[in-house]
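> What shape does this take:
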Amino acid sequence: MADQNVPPRRPRDDRGWDGRQHHSADGYGDPSTPAPYGYDSPHPYQGGYPAQADPREQYGDAYAHTGHPAPGPRGPQWVGPEGLGRPAPARPAGAGLPALDDDDDSGRKVGRRKAIVALGGTAAVVAGGAALAMTPQFRGLFGDEAAAGDATASTVTDGTAARPSGQQPSTVRTYTEQNESYMGSRAGEALKKNAPTTGRTLSGPAAAAAATKVTVKTVLAKDPILHLARRASFGPTPALIADIKSQGIDAWIRGQFEPDKIAPSKAELKLSELPTLKLDPQQLRAQRDQLNEQGAQPEREMVDATIARQIWSKRQLFEVMVDFWNDFLHVAADFDGGEAYRNSFDQDVVRKHALGSYPEMLVAANKHPALLIYLNQKDSRKDAINENLARENLELYSVGVDGGYGEQDVRQAALLQTGRGIDRDGKYAFKPEQHYTGKVKILGFTHANDSVDPKKADAAIDAYIAYIALHPSTAKYVAQSLATRFVSDTPPKSLVDRLAKTYTTNNGLIKPVLMALFSSSEFWAGVGQKVRRPMEYLVATYRTLGVAPEASPKHNNGDNKRTPYARGLRQIHDKLRELGQFPMGQPTPDGYPDVYVAWTSAGTMVNGWNEAGEIIAGYRTTFTYTAPEKLVAKPPATAGAYVDALSQRLVGQKLSTREKNLILGVAGVPATAKVDATFNGAITAVARAILASPQHHLR
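Numbers count the residues shown, from 1 in each chain. Next up is the predicted model:
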């Protein structure tokens, strides 16, 4: 039998798997006629990965031992200013710097590419190593029912002697393990030299911030409010900084712990314009034809809505944690069945428990049709065991690959979990006739598992899932992942151990763990120790530029099926696919890696800079943009002072003298030159150069 320990594979279709830009009248967008989705289509797989991308293309040489050849870095490689050979939208005269290779009017090169690349490349060095600057891609930018048995016995009671259904062990890597593999590289070792190594827990976040001295080398301002805004949100905005200052660090964090008490933003209220979000799986199945006629794609609208919340929600810490869990307890947005079930998984599993209890989240996930389909559990029965979910529950979602389990544990867990499936109405159902009965022992969990009563048999599985969710190895795994997300690519063991203890003491509740993290000196000492991944960079760019969700007065809606807001969100979604990271986008169940050296693609970085230029210029009229000459309320009259004011507005601090001179070089003026509000026509180029600086790449 083929290896089934990976998500289902579906043939390439025309739903945008290639991630290419689809240009429209306002820059780019999704195809005007989306492909219909089908909920009841058969699963054309016997193992393999979804067709978005071969997972071997996602990993580097750290994964050589899995048997897959080591390919290049993540994301697209060099993508020109127009994006994958497509024509760029028309730009008005004097619009600034639309591409990295622009000449001035005389044909003289002004070194813009070198200047911007030099700015962005600094991020690798200031983060602790020359991880990106050392790569050939980056240097190239310069041109140089049976009877009850006993699964614990030596005699196998189901399947073959080797495995219950002849399956082979999974080679999918865990979220934490892939982070550690990347950090074991030469670049990872360089990063480790500039990270905090130890610390302590104080009485609260504000006390920890006040008592912690930042000693790491970084270009970021050692401002605790800016640091908190960078880590506990998708990017600082003037309004967010003002909120933290007025409320105080402790009160702001406590407020973020109660997202239901935070009023929805205008953008969140406008999510009603995405017609599938409010529909449950049964309604989505019943209304399939009508939704196809409307061009609605439920799994994509869910991603669109997630992007909107990341950009505009005031519940920023909640959204950060939703993103964290979508990598940790990962179910891809694009899989056969995702059209009907993935939005429900987002609402009823991840968002419901994101700041609650992880054991409750994992129990709920294991009863949700999305996970049961994604990892083939609905096809597992006592006479034909499928190990996918049983294995990933251990390897990915709880104790981790080094958590102490063995193949016998996986096999017994797979036997125990049989019977869970989906009824004809698309709802979770326990099917006792498909459930294996017999004693099991998994990582110290034992159960007679001898009842055919559906409630008792289902409860036995719940008890096992709760057990592994509270296992000491799970506590360490969750702690390590949270510390990697919020503190450093190489979080100190001292912090991980304290967070793991807090997790165990509080029975897997998330808020106490986060409070312990924010009350640690390691968190406040980790300034500049994280680099934004592609999605984080683009979302932070929208946030700092103050893009509003309403359509520009210049917008001419050529799509009568969807609103400008819905179209604009899909445009961002498509751009993120092109950059190689979008919410719930990893096709394999291990989620995206959360360390910088996994994302060192020069093409992705340049593509992000070019996109920042598009946003600054406001070419895409589905949203309203602040004109770049109005980003600073009262622009200074000299170029040097204007750069200082604009960098303070966009990245919360002034740039170094070297970086400032590079940006003045982009504009082609000295610091003392007189400039108007448009920076003598170069304001778009100057703003984009600031957004290419390490101060915007670091978080």
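
> hey, which helix or strand in this structure has the poorest pLDDT?
Lowest by mean pLDDT, DSSP states H and E among the helices and strands of the chain is helix 136-139, with a mean of 40.

> just checking, Val496 touches Ser481?
No: taking Cβ atoms under 8 Å as the definition, Val496 is not a contact partner of Ser481, at 9.5 Å. For the C-beta atoms, the positions are set from N, CA and C on the backbone; glycine is no exception.

> give me the low-pLDDT residue ranges for the stretch 101-250 of the chain?
Regions of the stretch 101-250 of the chain meeting the criterion pLDDT under 70 cover residues 101-193, 195.

> let's see 50
Counting by pLDDT under 50, the ranges of the stretch 101-250 of the chain that qualify are 101-110, 122-147, 154-172.

> Lys654 in helix, strand or coil?
Per DSSP: H, G, I helix; E, B strand; the rest coil, the local secondary structure of Lys654 is coil.

> With adjacent residues omitted, what lies nearest to it?
Leaving out its chain neighbours, the residue that sits closest to Lys654 by Cβ to Cβ, 6 or more residues apart in numbering is Asp644, at 5.0 Å.

> quick one: the one you found from Val632, how far?
According to Cβ to Cβ, to the nearest Å, Asp644 and Val632 sit 10 Å apart.

> Surely Ser520 and Asp497 touch.
No: counting by Cβ under 8 Å, Asp497 is not a contact partner of Ser520; they are 11.2 Å apart.

> And these two? Which one has more around it.
Between Ser520 and Asp497, Ser520 has the larger neighbour count (other Cβ atoms under 10 Å), namely 27 against 14.

> who's the more buried one bridged to?
Thr201 (DSSP bridges).

> which ones are touching it?
Contacts here follow Cβ atoms under 8 Å, 6 or more residues apart in numbering; on that basis Ser520 touches 199-202, 208, 487, 495, 498.

> The residue nearest to Lys654: how many residues sit nearby?
18.

> Would you mark the buried spots in stretch 245-260?
249-250, 252-253, 255-256, 259 (16 or more other Cβ atoms under 10 Å).

> okay, how far is it across that stretch, tip to tip?
With Cα to Cα, to the nearest Å as the measure, stretch 245-260 spans 22 Å from end to end.

> Contacts made by it with the rest, please.
Residues outside stretch 245-260 that contact it (Cβ under 8 Å, 6+ apart): 204-206, 209, 224-225, 228, 232, 243-244, 261-262, 315-318, 355, 511, 514-515, 518.

> Looks to me like Val350 is in a helix.
Yes: counting by three-state DSSP, Val350 is located in a helix.

> which residues does it contact?
322, 325-326, 329, 361.

> Ile318 is in contact with Ala354, isn't it?
Just so we're on the same page, residue 318 is Phe rather than Ile. Yes: between Phe318 and Ala354 there is a contact at 6.2 Å, judged by Cβ under 8 Å.

> Now Gln316: closest residue in space that isn't a chain neighbour?
In space, and not counting its chain neighbours, Gln316 is closest to Ser233: 3.6 Å by Cβ to Cβ, 6+ apart.

> now that neighbour: how far from Gln581?
Separation of Ser233 from Gln581 (Cβ to Cβ): 18 Å.

> now do Val440
39 Å.

> more crowded one of these two?
The neighbour comparison of Val440 against Gln581 (other Cβ under 10 Å) goes to Val440, with 25 against 21.

> Is it correct that that one falls within a helix?
No: per three-state DSSP, Val440 lies outside any helix segment and is strand.

> That one reaches Gln417, doesn't it?
No: the pair Val440 / Gln417 is not scored as a contact, 9.8 Å apart, by Cβ under 8 Å.

> okay, and the common contacts of the two?
Between them, Val440 and Gln417 share the contacting residues Tyr464, judged by Cβ under 8 Å, 6+ apart.

> what residues are up against Val539?
For Val539, the contacting residues are 234-235, 307, 310-311, by Cβ under 8 Å, 6+ apart.

> Could you measure from Val669 over to Leu631?
The gap separating Val669 from Leu631 is 18 Å, by Cβ to Cβ.

> can you check Met535 too?
In this view, Met535 and Leu631 are 23 Å apart by Cβ to Cβ.

> Among the two, which residue is more densely surrounded?
Neighbour comparison, Met535 and Leu631: the larger count goes to Met535, with 24 against 20 (by other Cβ under 10 Å).

> end to end, how far does stretch 353-363 reach?
11 Å.

> Next, the residues that contact that stretch from outside, please.
Around stretch 353-363, the neighbours that count as contacts under Cβ under 8 Å, 6+ apart are 257, 259, 318, 321-322, 325, 329, 349-350, 352, 364, 393, 397-398, 462, 465-466, 468-470, 474, 478, 503, 507-511, 514.

> Keep only those of the residues you listed that are in strands.
Per DSSP state E, strands hold no members of the contacts of stretch 353-363.

> Helices - which of those residues land there?
Using DSSP state H, the subset of the contacts of stretch 353-363 located in helices is 318, 321-322, 325, 352, 364, 393, 462, 465-466, 468-469, 474, 478, 503, 510-511, 514.

> For the chain, just list every one of the strands.
Remark: strands assigned in the chain by DSSP E are 149-150, 420-422, 428-430, 438-442, 445-447.

> any chance of those strands in CSV, with distance to Gly618 too?
Output for the strands of the chain, formatted as CSV (distance: least, Cβ to Cβ, whole Å):
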stretch, distance to Gly618
strand 149-150, 67
strand 420-422, 46
strand 428-430, 46
strand 438-442, 57
strand 445-447, 57
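
> By mean pLDDT, show me the worst of those strands.
When the strands of the chain are ranked by mean pLDDT, strand 149-150 comes last with a mean of 61.
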